[in-house]
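Colleague: Sharing a model that was predicted from the sequence below.
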Amino acid sequence: MEFIVPKGINREAENKWCPGCGHGIIVRLVAEAARDLGIDDRMLMVEDVACGAFAKFTLQYNTVCSAHGRTIITAAGVKRARPDAVVIAHPGDGSAYSIGIESTIHCALRNENILALVVNNSVFGMTGGQMSPTSPPNMRTSSSIYGRDVKKNGSPFDVVKALREFDVAYLARGSVESPAQVVKTGRMIKKALQKQLDGEGFCLVEVLSPCPTNWNRSPVDALGYIKEAQEGIYALGEFVDNGGREQ
């Protein structure tokens with residue numbers, strides 16, 4: 001059986017991500033969803049100043065590079081300027097839930113018709129693996145060398161708890177820790193893009209993803225840590241699935 005690479009993938013691109021990083025899997029799922037929906041020529045990615053930005057080399061879509069933490073709000077502006085485009089904001093958890101939390105909240109409040117595809121690896125990856133809002137309790141990072149102390153640093157941020165009562169089109173969380181979960185996550189991304197095509201409003205799909213380099217684990221052990229630590233805090237599934245946005 002021939003292995004068919006989706007049209008949206010640049011087959012000549014050099015991989016820029018660390019071995020075992022989940023970003024490559026996630027952008028592949030984006031390309032597969034775009035192929036299935038027949039929207040490759042309408043895709044527009046908005047990238048953050050972080051690890052996800054390497055997608056601009058891997059995906060053959062128009063790309064806007066935003067300031068750090070301003071990915072989601074930039075995507076909302078792009079969608080308003082180009083309503084014909086299918087727009088994906090592609091930040092990490094640090095961008096979406098720390099410096100950019102106000103953009104995430106207010107785009108959800110306005111039900112902006114975009115997809116926020118948030119890659120949650122529980123650290124600030126590109127800047128050295130510091131603790132992020134989603135770092136699990138006791139997780140050691142370059143800025144919490146003794147482990148995250150909930151009494152000092154607070155509990156990990158769960159976007160589902162924050163947004164599930166908002167009037168948004170879709171809110172879901174997937175993972176890339178196993179082939180079965182990768183398939184489920186791909187379906188979530190495809191559903192969110194279909195909702196954007198239908199004008200239903202704001203969609204946020206969070207994907208639990210490994211960062212072997214900053215977790216100081218092998219790629220295999222990093223997948224185990226997703227199941228052991230991340231999924232123990234962040235439930236997987238679809239939490240909001242509304243439709244029928246008025247145009």
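Modeller: Cool, got the structure. Numbering: from 1, shown residues only.
Colleague: any weak-confidence spans in this structure?
Modeller: Regions of the chain meeting the criterion pLDDT under 70 cover residues 1-3, 126, 128-129, 244-247.
Colleague: cutoff 80 now
Modeller: For the chain, applying pLDDT under 80 flags the ranges 1-4, 13-14, 52, 123-131, 139, 141-144, 147, 243-247.
Colleague: which residues of it fall in helices?
Modeller: Under the criterion DSSP state H, helices of the chain are mapped to 23-37, 55-58, 71-81, 93-94, 101-109, 150-153, 159-163, 179-197, 212-215, 219-225, 231-233.
Colleague: Can you give the distance from the fourth one to the centre of its chain?
Modeller: In this case it means helix 93-94. Helix 93-94 has its average C-alpha position 9 Å from the chain's average C-alpha position, going by CA atoms, centre = their mean, to the nearest Å.
Colleague: And the contacts of it?
Modeller: Outside of helix 93-94, the residues within contact range by CB atoms under 8 Å, 6 or more residues apart in numbering are 50, 118-125, 132-134, 157, 206. To be clear about C-beta, it is placed using only N, CA and C from the backbone, and glycine gets the same treatment.
Colleague: So which of these are in strands?
Modeller: By the criterion of DSSP state E, membership of the contacts of helix 93-94 in strands covers 118-120, 123-124, 206.
Colleague: Mind picking the two most distant members of those residues?
Modeller: Of all pairs drawn from these, the one with the longest distance (CB to CB) is 124 and 206, at 16.2 Å.
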